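Visitor: Sharing a sequence plus its predicted fold:
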Amino acid sequence: MPVNADAGTGTTTQGHSLPINELFYSLQGEGKLAGVPSVFIRTSGCNLRCWFCDSYHTSWEPTHAQMTIAEIMEEVESYDANHVVVTGGEPLVHDETSLLLDRLSDAGYHTTVETNGTLFSETAVDLASISPKLASSTPTAERDPKGDGEWAERHEERRIDTDTLAAFADAYEMQLKFVVTDESDLIEIEELVSKIRDAADAPVRDSDVLLMPEGATRERLDENRERVAELAMEYDYRYTPRLHVGLWNDAPGT
Ligand SMILES: C[S@@+](CC[C@H](N)C(=O)[O-])C[C@H]1O[C@@H](n2cnc3c(N)ncnc32)[C@H](O)[C@@H]1O
Ligand SMILES: Nc1nc2[nH]cc(C(=O)O)c2c(=O)[nH]1
Ligand code: SF4
Ligand SMILES: [Mg+2]
């Protein structure tokens with residue numbers, strides 16, 4: 001429980017609600033805070049459709065229960081944690097996510113938002129964990145998990161907005177966490193990082209750039225991680241594991 005759990009700014013959240021796919025306690029599995037016990041709030045609904053999405057029921061076939069912000073706060077506070085991760089789906093498609101982050105921050109929690117970086121929001125974020133989507137994420141007809149590539153064009157149009165990524169860099173402590181499927185992803189990563197550096201006032205350090213192997217299952221990670229680790233060494237970026245996949249494979253609520 002954070003020390004100032006009773007503090008508040010008086011922002012009214014009464015009546016506001018969010019579509020919640022799952023809410024659980026785990027270890028942060030990815031990025032700079034990997035290993036930190038955290039409560040995860042997973043909203044449902046996304047503006048992109050990565051073919052590899054490991055949260056299929058928030059994107060391709062969204063399911064959820066509607067929860068008020070008060071109900072979410074009550075469940076978060078039932079765990080003995082200081083860190084809260086708001087993820088999805090894409091949490092920033094919902095205006096109410098900003099209200100939730102404000103409430104969490106008022107209650108003394110450290111907040112991480114996991115986002116694809118296409119929608120900027122000015123709110124209470126301690127770590128913006130941004131995973132910009134590369135061309136290799138596009139659900140072409142051959143890779144579409146559901147249909148015949150119907151989402152490919154929309155996904156392509158929406159997946160990168162350099163000015164929005166620069167706005168995140170200027171507003172928040174952040175990390176850029178790229179899902180790597182192939183060595184050719186590194187060309188796009190280098191170009192994009194350079195464009196964000198040009199557009200942002202704040203520095204984007206090499207240590208803010210993390211390479212994460214694609215893999216929703218242990219088997220898939222076993223195939224990819226060594227190659228991605230070697231790419232991180234070659235390009236002098238960080239490597240991030242997916243600790244939860246190693247520990248619990250693809251079990252829900254982990
Ligand atoms: C499900 S997304 C939700 C947040 C946001 N929509 C995003 O993409 O950043 C959470 C994290 O899982 C990553 N991810 C999703 N599917 C993955 C996969 N098959 N392998 C590796 N990382 C994956 C995303 O890139 C993101 O960093
Ligand atoms: N343990 C664990 N760590 C995570 N870090 C980011 C996650 C996400 O789905 O956004 C995630 C997740 O789903 N589980
Ligand atoms: S942006 Fe995130 S939630 Fe949306 S489809 Fe891609 S990985 Fe899944
Ligand atoms: Mg996940």
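Guide: That came through, no problem. Ligands and ions are numbered 1, 2, ... in the order given.
Visitor: Point out the residues in the protein that sit beside ligand 1.
Guide: Residues of the chain lying near ligand 1 by C-beta under 6 Å from any ligand atom: 46, 52-55, 87-90, 114-116, 131, 177, 179, 212, 214-216. Yep, even glycine has a C-beta here, placed from its N, CA and C like the rest.
Visitor: if you set the cut-off to 5 Å instead, what comes out?
Guide: Proximity of the chain to ligand 1, by C-beta under 5 Å from any ligand atom, involves residues 52, 54-55, 87-88, 90, 114, 116, 131, 179, 214, 216.
Visitor: ok, and does stretch 202-217 reach over to ligand 3?
Guide: No - applying C-beta under 5 Å from any ligand atom, one finds stretch 202-217 out of contact with ligand 3, separated by at least 10.0 Å.
Visitor: ok, of the residues of the chain next to ligand 1, which one's closest to ligand 3?
Guide: Using C-beta to the nearest ligand atom, N116 comes nearest to ligand 3 of these, at 3.9 Å.
Visitor: What pLDDT is listed against the closest one?
Guide: At N116, the model reports a pLDDT of 99.
Visitor: ok, it - contacts?
Guide: 46-48, 90, 130-133, 159 (C-beta atoms under 8 Å, 6 or more residues apart in numbering).
Visitor: Let's see that with 6 Å instead.
Guide: Counting by C-beta atoms under 6 Å, 6 or more residues apart in numbering, N116 makes contact with 48, 90, 131, 133.
Visitor: again, but for H110
Guide: 82-83, 126.
Visitor: can we see that at 10 Å?
Guide: By C-beta atoms under 10 Å, 6 or more residues apart in numbering, the contact list for H110 reads 2, 33, 36, 38, 81-85, 104, 126-127.
Visitor: Check C50 too.
Guide: With the criterion set at C-beta under 10 Å, 6+ apart, C50 makes contact with 59-60, 116, 131, 133-134, 136-139, 143, 145, 151, 155, 159, 179, 214.
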